[in-house]
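J.: Sequence below, structure please.
(one chain, ligands or ions: 1)
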Amino acid sequence: MNDVILARALHVLGVVIWIGGVAMATMVVLPAVRRGDLGNDRMRSFQAIEHRFIWIARTAVLVVGLSGLYMIVRLDIWDRFHMAAFWWMHAMVIVWLIFAFVLFIGEPFILHRFFPQWAHKQPDTAFAALHRVHWVLLGLSVITILGAVAGVHGWSLF
Ligand code: HEM
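T.: Predicted coordinates:
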């Protein structure tokens with residue numbers, strides 16, 4: 001079972017780095033960028049930070065997904081996906097799928113193509129929308145983390 005313990009440790013480490021980064025971006029970086037505290041060129045200051053974090057987040061997402069899948073296979077807990085009490089298992093997969101889409105498809109193909117023009121024309125609206133999306137993703141992640149830790153340790157809603 002040492003392999004499952006290692007997978008769990010890597011899973012939690014990945015979640016800490018990834019969602020910790022999302023929390024930092026949402027609660028610290030984006031408010032500072034929106035106020036112009038990091039310079040008048042908001043797009044440039046945002047990209048300088050995002051560009052460095054994106055590969056860290058992509059790596060963490062892969063580690064979390066692979067370690068999670070490994071635990072499901074080794075513990076043979078597929079049947080949890082048929083039980084409402086394990087809503088947090090569904091939540092983990094949904095949050096993972098959303099972020100995987102955003103980081104691997106949305107960021108290179110949508111954000112990089114359309115956001116700079118939008119931010120150039122309507123910077124306030126564009127950054128406010130970007131900030132809102134971050135809050136929604138952070139909210140979903142926090143609910144998932146609370147549900148998963150509580151669920152793993154036996155707490156149940158139903
Ligand atoms: C494909 C995606 C994912 C899979 C397959 C997966 C799978 C798992 C599994 C099998 C466990 C162990 C359950 C148990 O021991 O009863 C677990 C625990 C956990 N997962 Fe995930 N997970 C995924 C994504 C995520 C995401 C996106 C988050 C956070 C937003 C997350 C946060 C957690 C947490 C906090 C725990 C509890 C760790 C503990 O207290 O021991 N997981 N996950």
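
J.: and the chain, which residues reach the ligand?
T.: For the chain, the contact set with the ligand under CB under 6 Å from any ligand atom comprises 8, 11-12, 15, 19, 64-65, 68-69, 71-72, 92-93, 95-96, 141, 144-145, 148-149, 152. Backbone N, C-alpha and C define where each C-beta goes, glycine included.

J.: now with 8 Å?
T.: For the chain, the residues in contact with the ligand (CB under 8 Å from any ligand atom) are 4, 8, 11-12, 15, 18-19, 61, 64-65, 67-69, 71-72, 75, 77, 80, 88-89, 91-93, 95-97, 99, 140-141, 144-145, 148-149, 151-153.

J.: residues in contact with residue 45?
T.: 33, 38, 39 (CB atoms under 8 Å, 6 or more residues apart in numbering).

J.: again with residue 15
T.: Per CB under 8 Å, 6+ apart, neighbours of residue 15: 60, 64, 145.

J.: do residue 87 as well
T.: 147, 157.

J.: what's downstream of the helix or strand containing it, the next helix or strand?
T.: Assigned by DSSP states H and E, residue 87 belongs to helix 87-101. Where DSSP H and E defines the elements, the next helix or strand beyond helix 87-101 is helix 112-121.
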